[in-house]
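Novice: pasting the structure only:
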């Protein structure tokens, strides 16, 4: 029985030693890999860094010119939304807002996206309009703020990433508050 205890002790020490060696090798490999990655990504020539930065800047300028040219290639595209008639709330009583909205699009292809998302757009714009009070929509800058909110809402629904994508502007063709 004492022989079994004597043999188990060296096996346990060997297993611990084996795990320690493997762990140490893994740590060393990670450190060596990190140093190698750093050295490979770091340029040793400062002139090469300047050339790369200049090339990137030139590419950005070319891309901006291309985007501007692309914008100029097509005339303004407008999409008319269905007429909205909503109840407004105020301290003086309830009011009604009736409006027609046309949106200017950054790309003709966005019109198809709007048509595909029209029920969702209508529901969200309707909800936004209902949340307004008579005083808010009658204010001098009220329609500008409302147009900005509608634009942001629609671009969020359309997943537009930049200012030039999706809805560029919101235009109220009729705006009646009673």
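Specialist: Alright, I've got the coordinates. As the structure is a prediction and not an experimental result, all values here were calculated from the model.
Novice: contacts, neighbours, all on C-alpha from now
Specialist: Fine.
Novice: point out where the chain drops to low pLDDT.
Specialist: Residues of the chain that meet the criterion pLDDT under 70 lie in 1-11, 43-53, 55, 61-74.
Novice: got the residue ranges for the strands in it?
Specialist: 77-80, 84-88, 95-105, 167-177 (DSSP state E).
Novice: in CSV: the ones you listed, plus distance to residue 129 and mean neighbour count.
Specialist: Written out in CSV, the entries for the strands of the chain read as follows (distance: least, C-alpha to C-alpha, whole Å; neighbours: other C-alpha atoms under 10 Å):
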stretch, distance to residue 129, mean neighbour count
strand 77-80, 17, 17
strand 84-88, 7, 18
strand 95-105, 8, 18
strand 167-177, 12, 17
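Novice: what about the ones you listed, which gets the closest to residue 30?
Specialist: Judged by C-alpha to C-alpha, the one of these that comes nearest to residue 30 is strand 167-177, at 48.5 Å.
Novice: domain map for this structure?
Specialist: The record's domain parsing of the chain by automatic domain parsing lists 2-73, 77-177.
Novice: out of those, deepest packed?
Specialist: Most buried of these, by mean neighbour count (mean count of other C-alpha atoms under 10 Å): domain 77-177, with a mean of 16.
Novice: of all the strands of the chain, which one is nearest residue 14?
Specialist: That would be, of these and by C-alpha to C-alpha, strand 167-177, which comes in at 69.2 Å.
Novice: so what are the sheet partners of that closest one and their directions?
Specialist: Applying DSSP bridges, strand 167-177 is found paired with strand 95-105 (antiparallel).
Novice: where exactly do the helices run in this protein?
Specialist: With DSSP state H as the definition, the chain shows helices at residue ranges 2-41, 46-73, 110-116, 118-130, 134-138, 142-158.
Novice: and of these, who's closest to residue 176?
Specialist: helix 134-138 (9.7 Å).
Novice: quick one: contacts of that closest one?
Specialist: Helix 134-138 has contacts (C-alpha atoms under 8 Å, 6 or more residues apart in numbering) with 88-90, 95, 142-143, 146, 177.
Novice: quick check: phi and psi at the most centrally placed residue in the chain.
Specialist: Residue closest to the average C-alpha location in the chain (C-alpha atoms, centre = their mean): residue 161, at 5.0 Å. When quoted as degrees, to the nearest 10, the phi and psi of residue 161 stand at phi -100, psi -30.
Novice: for it, which non-adjacent residue is spatially closest?
Specialist: Closest residue in space to residue 161, ignoring its immediate chain neighbours: residue 155 at 8.0 Å, by C-alpha to C-alpha, 6 or more residues apart in numbering.
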